[in-house]
Structure formats: C-alpha cells, structure tokens
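**Student:** Sequence below, structure please.
(one chain, ligands or ions: 1)
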Amino acid sequence: MIIDGKQIAQTLRNEMRDEVARLTAQYGRKPCLDVIIVGEDPASMSYVRSKIKASEYCGLDGELLRLPATTTEDELLRLIHERNDNPLVDGILVQLPLPHHINELSIIEAIAPEKDVDGFHPSNVAGLWLNRQTIVPCTPKGIMALLEATTTPLAGQHAVVVGRSNIVGKPVAKLLLDKNCTVTIAHSRTADLAAVCRTADILVVAVGRPHMITAEMVKLGATVIDVGINRLANGRLVGDVDYDGVAPIARAITPVPGGVGPMTIAMLIRNTIECYQRRITK
Ligand code: NDP
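**Tutor:** Sure, this is the predicted structure:
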C-alpha cells in the first residue's frame, strides 16, 4: 500500500475548511495564523508558501511577515511580543532555521505557548511528555494521522524511530508510546542499525540522508514512514528510504514527495484551529 499523504491531507483540508466556516459563523471571526520568515532561504520560502496556501484554502486569516536576513534578535522578539499581545492572533509560526545571529531557543521561548502552533515551546514539549493538554508538533502529529488513516495496528507493535531530533524523532516516539507501541529510538551512534530496523513493525525514519534505509534493513510487512526530504544534485527530491527497493516488501510506505510533507502542513492548520478554539472558549 502506498500511503498517499497528499490525498489524506487534501481530505483533511476540506474537512477543516468546513469546520473553519462553521466556527467563523459561530464566533464571528476567523482563526488567524501569522507566519514570520527571516531571510530568503529558498527551501524555507517554499515551505512558507505551502503553509500560506493551505491557510488561505481553509479560510484562515493571517499575515505573512517577510523580514530581511539582517533583522536583529531584538527586532524579531519585539514583533513576536506584539503578536502575543494581539488578541486577534491565534497562532504564530516563525519559520526555522533562523539566521545564525539569532538564537532559535530565545525565539521559540518568546512565542506565547497558547499561540505556539509548531508545538516547540518548552511548556508544550513538557505537556506532551506529561500527557497534559498541549500543542503537538505538526510532523509527528501528521505521521500519527497517516498511521490512523491507514488503520495501522499500533498497540503491542514494535516501532523503531530513526532520528532523535526535538521536532520529529523524540515527539513521534512519545506519540507512538502513547498508542502502546514498544518504541526504540535509533540514532547516529546506534550499533548495527540494520539489525535494529529489521525488528520494526513500524519504521519511522527522520535522518536527512538520501536512501539510507535499504530493503535489507526492513522486515517483510513493515509499515514504513519516510520523513526525510533530501534534494539530490540533479534537483530531485528523495526521502531517507530507498523507496523502490523497500516498497515491494513493506505492508505500507509513504512516498517522498507526497507522504509526510503535506500532512505536516495540514497539521499546522489543525493546530491553529485548536489554538483558536481554546482561546475563544476560555
Ligand atoms: P536532525 O538533523 O535534527 O536530526 C537527524 C537525526 O538523524 C539525528 O538524531 C541523528 O543522530 C540521526 N542520524 C544522522 N545520521 C545517522 C545515521 N547514519 N544513522 C542513524 N541516525 C542518524 O533532522 P530533523 O529531525 O530535523 O529532520 C530529519 C529529516 O526530516 C530531514 O531530511 C528533514 O528535512 C526532514 N523533515 C521533514 C519534514 C516533513 O514535513 N516531511 C519536517 C521536518 C523534517 P544524532 O542525534 O546521533 O546526531
């Protein structure tokens, strides 16, 4: 089975568009997402364009704030504080990475936790690990939605997550644990990665190395979620999994592009709607 993230995300976007229309009629204003980008990194610009497009499609309000690469940390902090204080703004997204002279953690911590649609603020991270009401980061949330949409059995299954970043590996491992998977987190220092991966019923790969997971590393019938986005020298986008080699032995697999990527964006809209609902009904 090819897990068609593009199609699943489109279905979710249509549902959210209806939901936004209903909420707008009920509460008298649209959910509002402000997106801030500093500098002109082409990959970041392309992600931001997709986010704005999805936000407009679903009927959200919001502003795209494009700041020059020379913006200082203080200037960015001032802008964030201003949006924090604006009662009509429900979500604030600062596109990462930021230019080197700006401390990312200071920026993440400056965003009001209740408007932190990326779910990166330490209090939202703590909420995830302590099972409190929280905002779950978009990519891990999108991965779980893909597993649900494809009725992948989770309880009692062995999930191996390759990669331990704060934005993908660690949070997705926690979400899989919450669904009663037995979870192993592998990383660059894991001994015999191939053997570890071969024990996975569910294999989630978030590394950033083209085609590193080959057929010999995958158990027959495994569900494979490829988070990686790598641009080859010829301009082609590929994942971390050797799709052609692995697809014939997997029960289900996400393609790149068209797998996890569109779900990440759909979950940004979902998080914005959740922030809006929590704020407006408080
Ligand atoms: P990071 O660079 O933050 O983390 C990469 C992880 O991979 C690290 O934990 C690292 O281990 C591990 N790793 C590196 N080399 C190896 C190796 N040889 N064997 C095993 N593990 C290894 O990346 P991100 O989590 O931010 O992103 C991962 C990929 O996912 C990227 O391609 C990124 O573009 C993509 N991505 C896609 C998204 C989407 O929406 N589809 C969203 C976010 C990211 P260690 O900790 O030991 O260094």
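
**Student:** only C-alpha atoms for contact and neighbour calcs from this point on.
**Tutor:** OK.

**Student:** which parts of the stretch 1-150 of the chain sit against the ligand?
**Tutor:** The stretch 1-150 of the chain has residues residue 139 near the ligand, with proximity defined as CA under 6 Å from any ligand atom.

**Student:** repeat that with 8 Å
**Tutor:** Within the stretch 1-150 of the chain, the positions lying close to the ligand (CA under 8 Å from any ligand atom) are 138, 139.

**Student:** Taking the stretch 1-150 of the chain, what residue is nearest to the ligand?
**Tutor:** Using CA to the nearest ligand atom, residue 139 is the residue of the stretch 1-150 of the chain that sits closest to the ligand, at 5.4 Å.

**Student:** give me the element that residue is part of.
**Tutor:** If you go by DSSP states H and E, residue 139 is part of helix 138-149.

**Student:** I'd like the next helix or strand past that helix.
**Tutor:** Next along from helix 138-149, by DSSP H and E: strand 158-162.

**Student:** Can you tell me the closest non-neighbouring residue to the residue nearest the centre of the chain?
**Tutor:** Nearest to the mean C-alpha position of the chain, by CA atoms, centre = their mean, lies residue 139 at 1.9 Å. Spatially, and ignoring its direct neighbours in sequence, residue 139 is nearest to residue 264 (4.5 Å; CA to CA, 6 or more residues apart in numbering).

**Student:** In the host helix or strand of that neighbour, which residues are buried?
**Tutor:** Using DSSP H and E, residue 264 sits within helix 260-280. Using 16 or more other CA atoms under 10 Å as the test for burial, helix 260-280 gives 260-276.

**Student:** So which of the residues you listed reach the ligand?
**Tutor:** Answer for the buried residues of helix 260-280 near the ligand (CA under 8 Å from any ligand atom): 260, 261, 262, 263, 264, 265.

**Student:** contacting residues around the first one?
**Tutor:** The neighbourhood of residue 260, defined by CA atoms under 8 Å, 6 or more residues apart in numbering, consists of 5, 139, 142, 143, 146, 225, 226, 227, 254.

**Student:** on that earlier part again, distance check, the residue nearest to residue 139 against residue 212.
**Tutor:** 22 Å (CA to CA, to the nearest Å).

**Student:** Then residue 38?
**Tutor:** From residue 38 to residue 212 the distance is 32 Å (CA to CA).

**Student:** quick one on the thing from earlier: widest-spaced pair of the contacts of residue 260?
**Tutor:** Greatest spatial distance among the contacts of residue 260 (CA to CA): 139 and 254, at 13.4 Å.

**Student:** wait, residue 212 sits on residue 245?
**Tutor:** No - using CA atoms under 8 Å, residue 212 makes no contact with residue 245, being 11.3 Å away.

**Student:** What lies in contact with the lengthiest helix in the chain?
**Tutor:** Counting by DSSP state H, the longest helix found in the chain is helix 5-27. Residues from elsewhere that reach helix 5-27 (CA under 8 Å, 6+ apart): 29-31, 54, 57-60, 146, 149, 254, 258-263, 266, 269-270, 273, 280.

**Student:** May I have the strands that pair with whatever helix or strand comes next after that helix, each with its orientation?
**Tutor:** Using DSSP H and E, the helix or strand that follows helix 5-27 in sequence is strand 33-38. Using DSSP bridges, the strands paired with strand 33-38 are strand 64-67 (parallel), strand 91-94 (parallel).

**Student:** Could you say which of those strands is packed most deeply?
**Tutor:** Mean neighbour counts were compared across the strands paired with strand 33-38 using mean count of other CA atoms under 10 Å; the top stretch is strand 91-94, at a mean of 25.

**Student:** And it, how far out from the chain middle?
**Tutor:** Between the centre of strand 91-94 and the centre of its host chain there is 14 Å, according to CA atoms, centre = their mean, to the nearest Å.

**Student:** just checking, what packs against the helix or strand following that strand?
**Tutor:** Sequence order places helix 104-110 as the next helix or strand after strand 91-94, per DSSP H and E. On a contact count with 3 or more CA pairs under 8 Å, 6 or more residues apart in numbering; DSSP states H and E, helix 104-110 meets helix 73-85.
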